[in-house]
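Student: Sequence and computational prediction follow.
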Amino acid sequence: MANTELVTYTRKGRVAELRFNRPEKLNALSHEMVVDLSAAMYRFDADPEAWVAIFSGEGRAFCAGADVSSRIGSAAGRGVGGGPKVTVFLNEYEHMKPVIAAVHGYAYGAGFRFVLHSDLSIADTTAKFQLSEIARGIDASQLWAEMNLRGFGSFADDIAISGRACGAQEAYERGVICRVVPEGKHIEGAYEMADQVLSNPPLAVRAMVRTRRSRLRQLEAQTAAVRQERTLHLTNDFRESVAALTEKRKPVFTGT
């Protein structure tokens, strides 16, 4: 695999591993990285030998969210450009093969979205989850709705409105992730989970995956009418959040 790939694709038997490969930026999501992810996902979907995929991250984190400099402030990053989106992106593929998120380090913002959209998930004890959209001044109501679909209740309210991060154990206890493993064991654990999936008839598994993802798509459509996702990036508070993050200082919000 070329070192310049922002999302690498390898296959071991029936398992394909898609790995975010921007470790120097904690795998923060750039527009180019979304394009590479889409290409890797189409490759997985079209690969007849691959029946399960594992999402993971190179370096110290799974995915630290959107890249402030190249994605958050861009048209593509706000969903108004012509490039691929990071909404319920798994519905775009034909064969509905199951995807496992193997998380370590940060799973913030878009990284948290990838975990919620994956069909199964596992995290090691270093994992941290956060709806960082709130801190950036962006609407996170879609993720809040998805968490409520899964029965998170007041926990969804807490992390969506307060913007606080939670660790792997709390995420497991609240049902955010399926399993938690010791530090550094997330890939090994994901392969064990993949083996369990592969012990079942693949068409039956894909039928379950299709039903799950169709419900996420319905939920996305239901919340689209009330979300402010495409307007909040025009506010002064959004610009202040980006400036404060870049300048490594505490933001001062004005509600405008």
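Tutor: Noted; the coordinates are in hand. Numbers count the residues shown, from 1 in each chain.
Student: can you give me the strands in the stretch 51-200 of the chain?
Tutor: For the stretch 51-200 of the chain, applying DSSP state E, counting those that start in this stretch gives strands covering 52-57, 99-103, 106-108, 120-124, 128-130, 166-167, 179-181.
Student: Could you export those strands as TSV, including distance to Ala160, mean neighbour count and mean pLDDT?
Tutor: The way it works is simple: take the backbone N, C-alpha and C, and place the C-beta from them, glycine included. Shown next, in TSV, are the strands of the stretch 51-200 of the chain (distance: least, C-beta to C-beta, whole Å; neighbours: other C-beta atoms under 10 Å; pLDDT from 0 to 100):
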stretch	distance to Ala160	mean neighbour count	mean pLDDT
strand 52-57	23	25	98
strand 99-103	19	28	97
strand 106-108	14	27	96
strand 120-124	19	26	98
strand 128-130	10	23	96
strand 166-167	12	16	96
strand 179-181	22	20	98
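Student: In a markdown table: those, plus distance to Gly137.
Tutor: What follows is the strands of the stretch 51-200 of the chain, written out as a markdown table (distance: least, C-beta to C-beta, whole Å):
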| stretch | distance to Gly137 |
| --- | --- |
| strand 52-57 | 25 |
| strand 99-103 | 25 |
| strand 106-108 | 15 |
| strand 120-124 | 27 |
| strand 128-130 | 15 |
| strand 166-167 | 21 |
| strand 179-181 | 31 |
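Student: Tell me which of these sits nearest to Ala190.
Tutor: Proximity to Ala190, assessed across these by C-beta to C-beta, is greatest for strand 99-103 (3.7 Å).
Student: Please identify the pairing partners of the closest one and their relative orientation?
Tutor: Looking at strand 99-103 with DSSP bridges, its partner strands are strand 52-57 (parallel), strand 120-124 (parallel).
Student: Tabulate these (TSV), appending distance to Leu149.
Tutor: Formatted as TSV, the strands paired with strand 99-103 follow (distance: least, C-beta to C-beta, whole Å):
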stretch	distance to Leu149
strand 52-57	20
strand 120-124	15
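Student: Low-confidence stretches in the stretch 51-200 of the chain?
Tutor: 69-89, 91 (pLDDT under 70).
Student: Please repeat the previous calculation with a cut-off of 90.
Tutor: The model of the stretch 51-200 of the chain has pLDDT under 90 over residues 66-95, 110, 113, 131-153, 156, 160, 163.
Student: Show residues contacting the helix or strand hosting Arg19.
Tutor: If you go by DSSP states H and E, Arg19 is part of strand 15-20. Residues outside strand 15-20 that contact it (C-beta atoms under 8 Å, 6 or more residues apart in numbering) are 6-11, 27, 33, 37, 40-41, 43-44, 47, 50-58, 62-63, 187, 191, 194, 198.
Student: Please pick the buried ones from these.
Tutor: 6-9, 27, 33, 37, 40-41, 43-44, 47, 50-58, 62-63, 187, 191, 194 (16 or more other C-beta atoms under 10 Å).
Student: Just the ones of those in helices?
Tutor: Within the buried ones among the contacts of strand 15-20, residues falling in helices by DSSP state H are Met33, Leu37, Ala40, Met41, Arg43, Phe44, Ile187, Tyr191, Ala194.
Student: What is the nearest of the residues you listed to Arg249?
Tutor: Nearest to Arg249 among these, with distances taken as C-beta to C-beta, is Met33, at 26.7 Å.
Student: thinking again about what came up before, which stretch among the strands paired with strand 99-103 comes nearest Val176?
Tutor: Per C-beta to C-beta, nearest to Val176 of the strands paired with strand 99-103: strand 120-124, 7.6 Å.
Student: Perfect, that will be all.
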